[in-house]
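> Got a sequence here, can you model it:
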Amino acid sequence: NLFPIVQGGLDTSIGGLREVCLAGFRLVDSRINGYAIGGLAGGETKEDFWRVVNQCCMALPDDKPRYLMGVGYPLDLVVCSALGVDMYDCVYPTRTARFGVALVPSGTLRLKNHSCGKETTKVIQEGCPCQACANGYSRARLYGLLKSGNSLAAQLITHHNVTYMMLLMKSIREAIMEHRYEAFCREFVKNQFPDETQQVPQWVKHALGAAGISI
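Sure, this is the predicted structure:
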């Protein structure tokens, strides 16, 4: 299936470019199987980002998939799913793995940090079924592989990150189907920003507020 791409830059004004594009698609909706939202993840502010996503999701039909192009940070997935997005794609999980960064519930784990070289018994994430964690590759082992330039490290961290993202989307889907997504969002944000030194960004509060979820 081919999805037409909603474009229009960051113009969310009444009668603006996004509205013009959305209006054109509504005229041929019967021939469209799903919609892509494009023109984002290119350096815009997060406030502009979520407002465009929200405008598009509010205007697009509920009975057809909405695909947000090029977006893949875990926090973005949770927030944009609350706004109404169904599908995503992004190189972030694999690209960041090649730099020795693993995705974990609290955010990211930089396995090149010296502290990881001392963690000889801890895997990236306890209970994770990926090849790295399930086979007992410790953070110290991965640290050593990264420092020696062994490509196995990037492969293992890539598998972990893709596994993390797949499980995250599974959790999102289940929470929505079980009508507990509001609680899921609060718990996810709490894990990402656990104390006063890591305040929840205003754009997250604004975006989730637009979806009826207070943080």
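
> And the strands in the chain?
Along the chain, counting by DSSP state E, strands occupy 5-6, 35-37, 66-68, 87-88, 101-104, 107-110.

> Turn the ones you listed into JSON lines, including mean pLDDT.
Shown next, in JSON lines, are the strands of the chain (pLDDT from 0 to 100):
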{"stretch": "strand 5-6", "mean pLDDT": "97"}
{"stretch": "strand 35-37", "mean pLDDT": "97"}
{"stretch": "strand 66-68", "mean pLDDT": "97"}
{"stretch": "strand 87-88", "mean pLDDT": "96"}
{"stretch": "strand 101-104", "mean pLDDT": "98"}
{"stretch": "strand 107-110", "mean pLDDT": "97"}
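
> and residue 209, which of those is closest to it?
Residue 209 sits nearest to strand 66-68 of all the strands of the chain, at 19.3 Å, using Cβ to Cβ. C-betas here are computed from N, CA, C, even on glycine.

> For the closest one, give me every contacting residue.
By Cβ atoms under 8 Å, 6 or more residues apart in numbering, the surrounding residues in contact with strand 66-68 are 3, 34-37, 40, 53, 56-57, 60, 80, 84-89.

> quick one on the thing from earlier: make CSV out of the strands of the chain and add mean neighbour count.
Output for those, formatted as CSV (neighbours: other Cβ atoms under 10 Å):
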stretch, mean neighbour count
strand 5-6, 19
strand 35-37, 23
strand 66-68, 23
strand 87-88, 18
strand 101-104, 22
strand 107-110, 16
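
> and the ones you listed as JSON lines, adding distance to residue 138?
Below are these laid out as JSON lines (distance: least, Cβ to Cβ, whole Å):
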{"stretch": "strand 5-6", "distance to residue 138": "44"}
{"stretch": "strand 35-37", "distance to residue 138": "40"}
{"stretch": "strand 66-68", "distance to residue 138": "36"}
{"stretch": "strand 87-88", "distance to residue 138": "31"}
{"stretch": "strand 101-104", "distance to residue 138": "12"}
{"stretch": "strand 107-110", "distance to residue 138": "12"}
